[in-house]
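S.K.: predicted model, plus sequence, below.
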Amino acid sequence: MFSFRPLEPIGQGARIALGIAFFVLFFAAWGIATFGGFVPKTFLADPMTMVQDGWLLLTKFGFAADIGVTVWRVVGGFVLAALIAVPLGVLMGAYKPIEALLEPMVSFARYLPASAFVPLLILWAGIGETQKLLVIFIGSVFQIILMVAVTVGNTRRDLVEAAYTLGSTSGGVVKRVLIPSSAPDIAEILRLVLGWAWTYVIVAELIGSSSGIGHMIIESQALMATGQIIFGIIIIGLIGLVSDFLFKMINRRFFAWRLA
Amino acid sequence: MSEPVQLRVEGVGRIFPSVSGRPPVTALQPTDLAIAKNDFITLLGPSGCGKSTLLRIVAGLDRPTSGRVLLDGKVVAGPGPDRGMVFQSYTLFPWLTVAENIAFGLRERGVPEKERTPIITEYIAKVGLKGFENHLPKQLSGGMQQRTAIARALANDPEILLLDEPFGALDNQTRGLMQELLLGIWERERKTVIFVTHDIEEAVFMASRVLVMSARPGRIKADVPVDLPHPRHYTIKTSPEFSRLKAMLTEEIRAEAVLAAAEH
């Protein structure tokens, strides 16, 4: 039915069926483990309890507002980081002296774990929204700068040379060759880093927060409500899936020239 | 030669510095050259003979280690719109349509849109791409991409047109058609052209003057005028005079190719 020769393509129907099949298998295994009594209820809720807990969260405990707050933090911190990092990355990629100036510092900073900054940021910025945005900002900004710089630096040399022989100035080459040719990759970088930003926001919300998905999860832990925790995690996964899909769709529309 | 000298190459040489302990490579020995206005020159030689290096120095994309290049009496210091270039690799901007690619140089020089439009229409017609104005480069064949690249360079109205093996990646039939197209444009408009190639037939068919280059270190070995009448039709490729020139250049090149092969 399926060919297992390397790199052999697969039909659209079979692809979807296989993708769904794994989810079914996963829930089946989870159901057998919990309903079959192999795992104590206090450690792992069964899928039905998870759905019921989720429904309760949404209808009785205003979980929708928590989801909204978390999404707002991710998007806010991420947009701030992108606004600063993309131009800096472009400058670094285009102009080697700027790269020489900033690259060592940024390379160092990108390995500083954003989660380790949480206690420090609470001291500096309190436990308000500023602190949450800063965690995401610190987690994303250096990654974006470096990846954008590499992408811009790898622009095809022959395109740059062609532009010069057509009369482009240095600024013209940056604006009308480096940026447009890197734009699809920059969009891909942003999609990737947005995924990471979701990790940082939950970490920020686990400590010193009174709202958000992470806050719900840490409260549920105190109540041993594993169903709620799992529901929260699944919601994060779903939002990630949707935002990834939207990003991909937008990229495909804007950068049709890149597609074969 | 009735026309005045437009491009002067004075003692231009290029030595690539040593890499990881290996001795430096002399890509081009100090070379002198005078090219008359509206002449069609082909630079013919085996690969690695420095012909592309010489062309890139004229374009300002590479710097000579010695000597200088003068265009209309002014020293060339870097690339500029007065020397249009067509590369062997496909260098159309992939995010721009055919029309936008051809308009690129005009836009960079601040020509207003109202003046750009008729120029673009004119050059699209000249290279036979009517109906493809809004196509993206990836939707075009290799030959069409190179025609667009020629139109893009010419629309900018350069003093001199430089072509670096522009048809090298095309199949034989397409290459023949492209040669006729470019030669037809040159016969009508007259422009100074330097055309780099390793194809002897191409060199003779296109040129009014063939410069043969020798390999390692690169230098100009022979300067052969081609007095075949214009306009040239592809059938000229079977004429006795064409065959004579081809045979002569084959001998010149063969000695170089044997030498170059012995080095590897």
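M.R.: Right, received. Where do you want to start? Residues are numbered from 1 along each chain as shown, chains lettered A, B, ... in the order given.
S.K.: who touches the lowest-mean-pLDDT helix or strand in chain A?
M.R.: Every helix and strand of chain A was ranked by mean pLDDT, DSSP states H and E. The lowest is helix A:118-125, at a mean of 87. Helix A:118-125 is contacted by residues A:Q131, A:L134, A:V135, A:I138, A:V203, A:A204, A:I207, A:G208 when judged by CB atoms under 8 Å, 6 or more residues apart in numbering or on different chains. C-beta here means a position set from N, CA and C on the backbone, and glycine is covered the same way.
S.K.: tell me the one of these nearest chain B?
M.R.: Among these, A:I138 lies closest to chain B (CB to the nearest CB), at 33.1 Å.
S.K.: just checking, the closest one touches A:S115?
M.R.: No - when contacts are counted by CB atoms under 8 Å, A:I138 is not listed as touching A:S115 (9.8 Å).
S.K.: settle it for me: which of the two has more neighbours?
M.R.: A:I138 (23 against 17; other CB atoms under 10 Å in any protein chain shown).
S.K.: just to revisit the earlier point, which two of the contacts of helix A:118-125 lie the greatest distance from each other?
M.R.: Spatial extent of the contacts of helix A:118-125 (CB to CB) is set by the pair A:I138 and A:G208 at 16.0 Å.
S.K.: before we move on, back to that, would you mind writing the CA trace of the least confident helix or strand of chain A as CSV?
M.R.: Coordinates of each C-alpha in helix A:118-125 appear next as CSV, following Å, rounded to 0.1, in the frame of the first residue of the first chain:
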residue,chain,number,x,y,z
VAL,A,118,12.9,35.7,35.0
PRO,A,119,14.0,36.3,38.7
LEU,A,120,16.1,39.2,37.7
LEU,A,121,13.4,40.8,35.5
ILE,A,122,10.9,40.4,38.4
LEU,A,123,13.3,42.5,40.5
TRP,A,124,13.7,45.1,37.8
ALA,A,125,10.3,45.2,36.3
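S.K.: next secondary structure after that helix?
M.R.: Moving toward the C-terminus from helix A:118-125, the next helix or strand (DSSP states H and E) is helix A:129-153.
S.K.: who does the helix or strand that comes right after that following helix touch, helix- and strand-wise?
M.R.: Using DSSP H and E, the next helix or strand after helix A:129-153 towards the C-terminus is helix A:157-165. If contacts are counted by 3 or more CB pairs under 8 Å, 6 or more residues apart in numbering or on different chains; DSSP states H and E, helix A:157-165 sits against helix A:170-173, strand B:83-86.
S.K.: what lines up beside the last one in the sheet?
M.R.: It stands for strand B:83-86. Partner strands for strand B:83-86, per DSSP bridges, with pairing direction: strand B:160-164 (parallel).
S.K.: flag the shaky bits of the stretch 1-150 of chain B, pLDDT-wise.
M.R.: B:1-2 (pLDDT under 70).
S.K.: need the residues of it near chain A, please.
M.R.: Residues of the stretch 1-150 of chain B lying close to chain A by CB under 8 Å from any CB of the partner chain are B:59-61, B:78-81, B:83-85, B:87, B:89, B:91, B:93-95, B:104-105, B:107-109, B:136-138.
S.K.: one more: the stretch 151-264 of chain B?
M.R.: The stretch 151-264 of chain B comes close to chain A at residues B:R152, B:A153, B:N156, B:L162, as judged by CB under 8 Å from any CB.
S.K.: mind redoing it with 7 Å?
M.R.: B:R152, B:N156 (CB under 7 Å from any CB of the partner chain).
S.K.: my guess is B:L106 contacts B:L154, does it?
M.R.: No - contact between B:L106 and B:L154 fails when scored by CB atoms under 7 Å: they sit 11.3 Å apart.
S.K.: in space, what's closest to B:L33 - neighbours in sequence excluded?
M.R.: Nearest non-adjacent residue to B:L33, counting by CB to CB, 6 or more residues apart in numbering or on different chains: B:V9, 3.9 Å away.
S.K.: how big is the angle separating whichever strand or helix holds that neighbour from strand B:160-164?
M.R.: If you go by DSSP H and E, B:V9 is part of strand B:5-16. Orientation check (axes from the mean of the first three to the mean of the last three CA atoms, to 10 degrees): strand B:5-16 against strand B:160-164 gives 40 degrees.
S.K.: given strand B:5-16, what are its sheet partners and their directions?
M.R.: Sheet partners by DSSP bridges: for strand B:5-16, these are strand B:25-36 (antiparallel), strand B:66-71 (antiparallel).
S.K.: tell me the buried residues in that strand?
M.R.: B:Q6, B:L7, B:R8, B:V9, B:E10, B:V12, B:G13, B:R14 (16 or more other CB atoms under 10 Å in any protein chain shown).
S.K.: ditto for stretch B:155-175
M.R.: Applying a neighbour-count criterion of 16+ other CB under 10 Å, one finds B:155-156, B:158-168, B:170, B:174-175 buried in stretch B:155-175.
S.K.: B:I194 and chain A, how far apart?
M.R.: To chain A, B:I194 is 13 Å away according to CB to the nearest CB, to the nearest Å.
S.K.: which residues touch the residue most central in space within chain B?
M.R.: Centroid-nearest residue in chain B: B:L163, 2.0 Å away (criterion: CA atoms, centre = their mean). B:L163 makes contact with B:V86, B:V193, B:F195, B:V196, according to CB atoms under 7 Å, 6 or more residues apart in numbering or on different chains.
S.K.: count the residues that sit near B:S141.
M.R.: Neighbours of B:S141 (other CB under 10 Å): 11.
S.K.: no wait, B:P229
M.R.: The number of residues packed near B:P229 is 8, by other CB under 10 Å.
S.K.: what about it, which SS state?
M.R.: Put simply, B:P229 is coil when judged by DSSP: H, G, I helix; E, B strand; the rest coil.
S.K.: leaving out sequence neighbours, find the closest residue to residue 136.
M.R.: In the absence of a named chain, chain A is used. In space, and not counting its chain neighbours, A:I136 is closest to A:G77: 2.8 Å by CB to CB, 6+ apart.
S.K.: switch to chain B, please.
M.R.: Among residues not flanking B:L136 along the chain, A:W257 sits closest, at 5.1 Å (CB to CB, 6+ apart).
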